[in-house]
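Compute the structure for the input listed below.
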Amino acid sequence: MKVCVLGGGHGCHAAAIDMLEKGHEVAWWRRDQDAAKKLRALGELEVQDWRGTRRVPLAAQRTPGAICVIDDLAQALEGAQLIVIPLPATTHEPLALQLAPLLRDGQVVYLPPGTFGSMVFADALAAAGNQRRVAIAETGTLPYLVRTHGANRVVISAYATRLPTGIFPANAANWAFEILETAYPSVERIEDALSAALMNAGPVIHPPLILMNAGPLEHFESWDIHNEGTQPSIRRVTNALDAERMAVREALGYGAPHFPLADHYASEGDDWMYGRGAHGKLTDSGDWREKIDLQTHRYMLEDTRLGLSFIVSCGRYAGVPTPVAQGLLALASAVSGRDLYAQGRSLEAFDLAQYSPAQLRNLLDSGVRA
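Below you'll find the model as predicted:
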């Protein structure tokens, strides 16, 4: 199958490698053409994961057994059945506008994770007048725990073993899932894109960790929020926040499994998205000991501003109190000096807050706005 990977982040490196090693033909496009040129000059990526260390070829032309690094977006998309965009949700709006006129019948756009980015891309398609049969999928986490080191070294600490995924519109689920599951066998089919958006783990795990570790983050040169930054009091806040997320899901009609974040840390019970022991692999790697700027880091601008605002807005729509989410969002707004809810990704921002439940369900199923 032809797969196109868009973006230059950690997850994009991992996705390009993973898709190639699964036997797919991979085109990789990066907005930063200087970075793409350097990759082509290097000619390979060095990847390290549980299987060991190996080298993955890069090429300037479509070549069997190599990732093709392409500068032209339209050429990269040509013939692709699956388009994987493992980028922060903060990139969605400009990328959706660029991508929308180029999408063709039968293509699946995958946002891992999405933060309801499926609606961003659907609106961009509508604005571009593109009525092709396109499906947009999103899930609850990046399929990889991954960090890049230098120009071409990629360390993948874990691969997702369960990827709860929804499709927009839901009436495209059958054919879209067939494509997705060819690339990601760990995909688990769930109701729709809104259900998938409310599976996103980032807005649950990261806001408490950065806000309750704000002192050490600003004091020390680097700090591991997942190691010494994850303490019992913070876990209790995370659990309370996650309970709000799950209550919102229930109120909107989505049943279990809800993939509670507590399973990520547990030694028994249901496997979470990365399977058993992933938290230990993450902390053992040392790759998440980093400098986090609370003004600019994606944990603030993506998971807090976009992700928490989305949970709060869905709670308001469903009549479910979300005091922990609202409190964290208020603290984050004070820390960052901006109104994060007003700048956030909410049902109000999508002009959906006034929809009745029946109208919202119809939109999610058909892709057609009321």
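
What residues of the longest helix along the chain count as buried?
The single longest helix within the chain, with elements called by DSSP state H, is helix 232-251. Residues 234, 237-239, 241-249 are the ones in helix 232-251 that count as buried (16 or more other CB atoms under 10 Å). All C-beta spots, glycine's among them, are computed from the backbone N, C-alpha and C.

for it, packing partners?
helix 202-212, helix 262-265, helix 309-318, helix 323-336 (3 or more CB pairs under 8 Å, 6 or more residues apart in numbering; DSSP states H and E).

re the thing from before, what would the buried residues of helix 232-251 look like in JSON lines with distance to residue 152 and pLDDT?
JSON lines is the format used below for these (distance: CB to CB, whole Å; pLDDT from 0 to 100):
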{"residue": "234", "distance to residue 152": "35", "pLDDT": "95"}
{"residue": "237", "distance to residue 152": "39", "pLDDT": "97"}
{"residue": "238", "distance to residue 152": "35", "pLDDT": "97"}
{"residue": "239", "distance to residue 152": "39", "pLDDT": "97"}
{"residue": "241", "distance to residue 152": "37", "pLDDT": "98"}
{"residue": "242", "distance to residue 152": "37", "pLDDT": "98"}
{"residue": "243", "distance to residue 152": "42", "pLDDT": "98"}
{"residue": "244", "distance to residue 152": "41", "pLDDT": "98"}
{"residue": "245", "distance to residue 152": "37", "pLDDT": "98"}
{"residue": "246", "distance to residue 152": "41", "pLDDT": "98"}
{"residue": "247", "distance to residue 152": "45", "pLDDT": "98"}
{"residue": "248", "distance to residue 152": "42", "pLDDT": "98"}
{"residue": "249", "distance to residue 152": "40", "pLDDT": "98"}
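
What's the separation between the spatially most central residue of the chain and residue 163?
What sits nearest the mean C-alpha location of the chain, by CA atoms, centre = their mean, is residue 113, with 1.9 Å. Using CB to CB, to the nearest Å, residue 113 is found at 9 Å from residue 163.

Count the neighbours of residue 205 for me.
A count of nearby residues for residue 205, using other CB atoms under 10 Å, gives 23.

To clarify, my last question referred to residue 59.
Counted by other CB under 10 Å, the residues lying close to residue 59 total 16.

Could you tell me which residues make contact with the residue lying closest to it once chain neighbours are set aside?
Spatial nearest neighbour of residue 59, excluding adjacent residues (CB to CB, 6 or more residues apart in numbering): residue 66 at 4.0 Å. By CB atoms under 8 Å, 6 or more residues apart in numbering, residue 66 lies in contact with 20, 56, 57, 58, 59.

cutoff 10 Å now
Listed by CB atoms under 10 Å, 6 or more residues apart in numbering, the contact partners of residue 66 are 20, 25, 26, 43, 44, 56, 57, 58, 59, 60.

Next, show the common contact partners of residue 113 and residue 163.
Contacts common to residue 113 and residue 163, judged by CB under 10 Å, 6+ apart, are 139, 140, 141, 142, 143, 196, 199, 273.

Just send those residues back as a markdown table, with secondary structure too.
Listed next are the shared contacts of residue 113 and residue 163 as a markdown table, based on DSSP: H, G, I helix; E, B strand; the rest coil:
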| residue | secondary structure |
| --- | --- |
| 139 | strand |
| 140 | coil |
| 141 | coil |
| 142 | coil |
| 143 | coil |
| 196 | helix |
| 199 | coil |
| 273 | coil |
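
all strands of the chain, in order?
Listed in chain order, the strands of the chain (DSSP state E) span 2-6, 25-29, 44-49, 52-59, 67-70, 82-84, 107-111, 134-139, 144-149, 153-159, 163-168, 187-189, 223-224, 289-290.

which stretches of the stretch 51-200 of the chain have low pLDDT?
For the stretch 51-200 of the chain, applying pLDDT under 70 flags no range at all.

Could you rerun that using 90?
Applying pLDDT under 90 to the stretch 51-200 of the chain flags the ranges 150-151.

There's contact between residue 101 and residue 131 in this structure, I believe.
No: Residue 101 is beyond contact range of residue 131, at 11.7 Å (criterion: CB atoms under 10 Å).

if you count what's nearby, which of these two comes out ahead?
residue 101 (13 against 9).

Good, wrapping up.
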